[in-house]
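Undergrad: Predicted model and sequence follow; I will ask about them next.
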Amino acid sequence: RKEVEQDPGPFNVPEGATVAFNCTYSNSASQSFFWYRQDCRKEPKLLMSVYSSGNEDGRFTAQLNRASQYISLLIRDSKLSDSATYLCVVGGGSYIPTFGRGTSLIVHP
Amino acid sequence: EPEVTQTPSHQVTQMGQEVILRCVPISNHLYFYWYRQILGQKVEFLVSFYNNEISEKSEIFDDQFSVERPDGSNFTLKIRSTKLEDSAMYFCASTGTGNYGYTFGSGTRLTVV
């Protein structure tokens, strides 16, 4: 199975900080890319899709680099409530969505 | 907002017993999945289902596992003879085309004792 790799962290940052996560994928035929958020013992929830041109949703910015086969997530002005595990998911259509191991983020006061 | 519904939320079973985990995917979705997550580990793919048949399965999905879509709404995962190592959170997910993400149910926590 094709792999998706993430730095597990944890990333420990103060409130207000900017933090960035990267995720690499091995299947060059991948078509869809997503960032999910998972709180402890909860289901993964879609944070945002990642588009080829890059996209932004409030404090969150996602980028895709097809040539280097990675996606990134930038969180600006971190809040305490951003503390969670961020999962990179690669897939699309009938392709199996493949999860990264997740990057743990801890935002402290 | 449409939801994927899973029942039960928590199931405790004795080793060797059969369990059935139930899911109701979003009604107009076409692709259905089962994943599991052992505590502290990554989300692992088990099986995908499309057009009333399994489209792909992982090496985890051995003969002890089966899936069914017995009617137009339910999607079930059966484990025939549970083992201690089957203890995990089991997530059902569905998508329309996969281009807009996958919606996950809140999971069933299976504890095998």
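TA: Everything's here; your move. Numbers count the residues shown, from 1 in each chain, chains lettered A, B, ... in the order given.

Undergrad: mind checking how far residue A:26 is from residue A:65?
TA: Look at residue A:26 and residue A:65: by C-beta to C-beta, to the nearest Å, they are 14 Å apart. Placement of C-beta: from N, CA and C, glycine included.

Undergrad: Check the offset of the top strand by length along chain A from the chain's centre.
TA: Longest strand in chain A by number of residues (criterion: DSSP state E): strand A:84-92. Put simply, strand A:84-92 sits 5 Å off its chain's centre (C-alpha atoms, centre = their mean, to the nearest Å).

Undergrad: Just give me the neighbour total for residue B:53.
TA: Using other C-beta atoms under 10 Å in any protein chain shown, residue B:53 has 8 other residues around it.

Undergrad: Beta-bridge partners for it, please?
TA: residue B:50 (DSSP bridges).

Undergrad: measure it to chain A for me?
TA: 12 Å (C-beta to the nearest C-beta, to the nearest Å).

Undergrad: With residue B:57 instead?
TA: Relative to chain A, and taking C-beta to the nearest C-beta, residue B:57 is found at 10 Å.

Undergrad: show me the contacts for that residue.
TA: Going by C-beta atoms under 8 Å, 6 or more residues apart in numbering or on different chains, residue B:57 touches B:46, B:47, B:48.

Undergrad: wait, what's in contact with the residue nearest the centre of chain B?
TA: With distances taken as C-alpha atoms, centre = their mean, residue B:34 lies nearest the centre of chain B, 3.3 Å away. Residue B:34 sits next to B:21, B:23, B:46, B:47, B:67, B:77, B:90, B:91, B:92, B:93 when contact means C-beta under 8 Å, 6+ apart.

Undergrad: which residues does the residue nearest to the third one when sequence neighbours are not counted form a beta bridge with?
TA: Leaving aside its sequence neighbours, residue B:46 sits nearest to residue B:34 (C-beta to C-beta, 6 or more residues apart in numbering or on different chains; 4.3 Å). On DSSP bridges, the residues paired with residue B:34 through beta bridges are residue B:47, residue B:92.
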